[in-house]
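Peer 1: Sharing a sequence plus its predicted fold:
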Number of protein chains: 2
Amino acid sequence: MDEASFLAAYDPRDYPPVAVTVDVVALTIRDGKLCVLLVERGHQPFAGQRALPGGFVRIESLAEAALRELAEETGLTPGVDDLERVHLEQLRTYGNPDRDPRMRVVSVAYLAFAPSLPEPTAGSDAARAYWVPVEEAKDLAFDHDEVFADGLERARSKLEYTPLATAFTGTEFTIGELRQVYAAVWGEELHAGNFHRKVLSVPGFVESTGGTTAKGGERGGPKAKLYRAGDARLLHPALLRPTREDRVR
Amino acid sequence: MDEASFLAAYDPRDYPPVAVTVDVVALTIRDGKLCVLLVERGHQPFAGQRALPGGFVRIESLAEAALRELAEETGLTPGVDDLERVHLEQLRTYGNPDRDPRMRVVSVAYLAFAPSLPEPTAGSDAARAYWVPVEEAKDLAFDHDEVFADGLERARSKLEYTPLATAFTGTEFTIGELRQVYAAVWGEELHAGNFHRKVLSVPGFVESTGGTTAKGGERGGPKAKLYRAGDARLLHPALLRPTREDRVR
DNA sequence: CAAATAGTGTCTTTCAGACAATATGAC
DNA sequence: GTCATATTGTCTGAAAGACACTATTTG
């Protein structure tokens, strides 16, 4: 059987129907707090409940679907807004047979790290989307509590051994701003002096722009030097989270 | 609209047909070499070419589908064979629109770590499946070259910070055997003395059984103490790969 | 000036890796 | 005996974390 005749005989309807969706755990930092993008569901199932943004995959790659959903829900326009700076990576896929009461739905979850984006109040779809501090994101629809928890843990872990913290900042940032990103994501303060020396000692993490901030801090302090993201894709050595007491046993 | 009437009005055929499959990157160590399970494809597309074992997801969880495919291809029977000791984890999902010429196929890839299993010569499906040393696994069907590369890198990485190397050994093993697992997966020899001390110093990695091997090594040496896997799920501190020269930039 | 922040210096402890040394048992 | 392997010891250098200190800027 050659490929052409095989294709002719191939009937997709031979297989039980499955829908494939993407869900996005989009994280950003607003007012020093780590926030996740949630939408209020307008229809069944789980109408009125909050959920992660997502939707059906069209004729596009999975990553494209995730970025499209993110753009739609935030009301931002690729090419116009800062959407290019969003870091997007696949999280994992959820496919238990009963996770959606309507039919078999397999959902590919993506994790997005975004610099501070405007509150999504613009377009149609974005009307019911908003940023929620992570500790308030509970009782989500479907299995999204689990998806969100997985995404949050992945984000916290990735900050340890990759330079992705810079995905939460502007293109230029101070070491102090970078430290606040770590503090927000990990949920604990870091020692300023040790963090400073550590970041500069990791090759390729940040590189100096030569400039400094125009003013000192709001509550005092000298002008800080400015940095941009370096070319490292992995941090060697890593910045490990302080709380390692709770070894996972 | 309540949920019942919604379900009545819901037609799965409203969505473009997508098939969901699982593919398995199953790794084991045979004769000191890291091997991957491959199947010879019997029909189009890619007939005659080698591929990762896999198939369509039925009414089951994704992990169950992966384990079922693995059992079918190896000819092993859950409950009878050592299939319970196989470690299975989700790798990632591949869903580019053109990755299968027949239709849109989204494939959820799983990574399996298995202790040395018998060569699959038994049952019907398993006839064309065999273990191949990883360096010989090339030119696979579909996008399986990429899937396999991702799985291999994940396995190498996981050995650094989890105790999963013990998934490749018997329930009891010597430190030397454990070192050979690391050597096989990472593809480089490790210093015996340093490795020995290191493994014993990581809390919860291994625990002594009190026993020793009956005989010394084949080419001489004292009897080695026996250990079993400990209760740690993460290694603190981690066993980092020696070759960190090639920083990923 | 008081307070806050940037950035640096120092010390201790832990750990990785190089290397050595000793002990045991197969052949 | 010879050799491979198991196991332990020693040393050096890198790095983390605690703490202290100076400099700078805002209010």
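Peer 2: Now that the structure is in, tell me what you want to look at.
Peer 1: Return the set of residues that bridge with A:T28.
Peer 2: For A:T28, the beta-bridge partners under DSSP bridges are A:C35.
Peer 1: pretty sure it contacts A:V132?
Peer 2: No. Using Cβ atoms under 8 Å, A:T28 is not in contact with A:V132; the gap is 10.8 Å. From N, CA and C alone the C-beta is placed, and that goes for glycine too.
Peer 1: Have a look at these two and say which one is more surrounded.
Peer 2: A:T28 (21 against 17; other Cβ atoms under 10 Å in any protein chain shown).
Peer 1: Can you name the residues that contact that one?
Peer 2: A:34-35, A:37, A:113-117, A:131, A:168 (Cβ atoms under 8 Å, 6 or more residues apart in numbering or on different chains).
Peer 1: Equivalent analysis for A:A65, please.
Peer 2: A:22, A:55, A:57-58.
Peer 1: May I have the helix or strand where it lies as PDB, with CA atoms only?
Peer 2: Assessed by DSSP states H and E, A:A65 sits inside helix A:62-74. The C-alpha trace of helix A:62-74 is given here as PDB (Å, rounded to 0.1, in the frame of the first residue of the first chain):
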ATOM      1  CA  LEU A  62       0.600  24.300  20.000                       C
ATOM      2  CA  ALA A  63       2.800  27.200  21.000                       C
ATOM      3  CA  GLU A  64       1.100  29.400  18.500                       C
ATOM      4  CA  ALA A  65      -2.200  28.500  20.000                       C
ATOM      5  CA  ALA A  66      -1.000  29.300  23.500                       C
ATOM      6  CA  LEU A  67       0.300  32.700  22.400                       C
ATOM      7  CA  ARG A  68      -2.900  33.400  20.400                       C
ATOM      8  CA  GLU A  69      -5.000  32.600  23.500                       C
ATOM      9  CA  LEU A  70      -2.900  34.800  25.700                       C
ATOM     10  CA  ALA A  71      -3.100  37.700  23.200                       C
ATOM     11  CA  GLU A  72      -6.900  37.300  22.900                       C
ATOM     12  CA  GLU A  73      -7.400  37.200  26.700                       C
ATOM     13  CA  THR A  74      -5.200  40.100  27.500                       C
END
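Peer 1: Okay, buried residues for it please.
Peer 2: A:62-74 (16 or more other Cβ atoms under 10 Å in any protein chain shown).
Peer 1: what's the following helix or strand past it packed up against?
Peer 2: Once helix A:62-74 ends, the next helix or strand along the chain (criterion: DSSP H and E) is strand A:87-94. Counting contacts by 3 or more Cβ pairs under 8 Å, 6 or more residues apart in numbering or on different chains; DSSP states H and E, strand A:87-94 packs against helix A:62-74, strand A:105-113, helix A:144-161, strand B:87-94.
Peer 1: Of the ones you listed, flag the one that's most buried.
Peer 2: The highest mean neighbour count among the helices and strands packed on strand A:87-94, using mean count of other Cβ atoms under 10 Å in any protein chain shown, belongs to strand A:105-113: a mean of 24.
Peer 1: That one close to chain B?
Peer 2: Yes. In terms of Cβ under 8 Å from any Cβ of the partner chain, part of strand A:105-113 sits within range of chain B, namely A:106, A:108.
Peer 1: Identify the neighbouring strands of that strand in the sheet and state each direction.
Peer 2: Strand A:105-113 has these strand partners (DSSP bridges): strand A:19-30 (parallel), strand A:87-94 (antiparallel).
Peer 1: so which of the ones you listed gets nearest DNA strand C?
Peer 2: With Cβ to the nearest atom of the strand, the closest approach to DNA strand C among these belongs to strand A:19-30: 15.6 Å.
Peer 1: Name the residues of the closest one that are buried.
Peer 2: Applying 16+ other Cβ under 10 Å to strand A:19-30 flags A:19-29 as buried.
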